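Chemist: coordinates only, sequence not included:
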């Protein structure tokens with residue numbers, strides 16, 4: 001079983017920066033994809049960025065260049081560095097681990113709120 005706990009959210013002014021962290025309890029597998037999702041009020045959860053066990057990263061078009069996903073295996077922590085924040089980045093951000101092999105292996109954290117003000 002894997003447990004995920006996000007932190008680092010808060011209130012920030014536009015063009016500011018935040019770094020989100022996701023503490024991972026339990027083991028990850030080489031077939032796992034680690035990801036950040038966001039969910040804005042009244043909208044569906046959407047993918048922000050992913051990183052594979054091999055370090056390959058992917059980003060949504062809306063955050064490409066501004067956000068960086070990374071993982072520290074020694075600390076069992078996933079990060080999302082958020083730069084040049086925009087009002088539309090306001091959302092609850094969720095950490096996710098899912099397996100590319102076993103569909104039942106899909107874990108979520110409780111989320112952390114990011115609010116960007118003008």
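Modeler: Thanks, I have the structure now. Values in this document were obtained by computation on a predicted structure and should not be read as measured data.

Chemist: From residue 10, how far off is residue 91?
Modeler: Residue 91 sits 13 Å away from residue 10, going by Cβ to Cβ, to the nearest Å. Every residue, glycine included, has its C-beta placed from N, CA and C.

Chemist: More neighbours: these two, which one.
Modeler: residue 91 (22 against 12; other Cβ atoms under 10 Å).

Chemist: Now that one: phi and psi?
Modeler: With angles defined as degrees, to the nearest 10, residue 91 sits at phi -180, psi 170.

Chemist: Likewise for residue 87?
Modeler: Torsion angles, degrees, to the nearest 10, at residue 87: phi -50, psi -40.

Chemist: Go ahead and confirm it touches residue 40.
Modeler: No. Using Cβ atoms under 8 Å, residue 87 is not in contact with residue 40; the gap is 10.9 Å.

Chemist: and the residue nearest the centre of the chain, what is it in contact with?
Modeler: Nearest residue to the geometric centre of the chain (Cα atoms, centre = their mean): residue 36, 2.3 Å. Neighbouring residues of residue 36 by Cβ atoms under 8 Å, 6 or more residues apart in numbering: 20, 22, 47-50, 69, 78, 80, 93-96.
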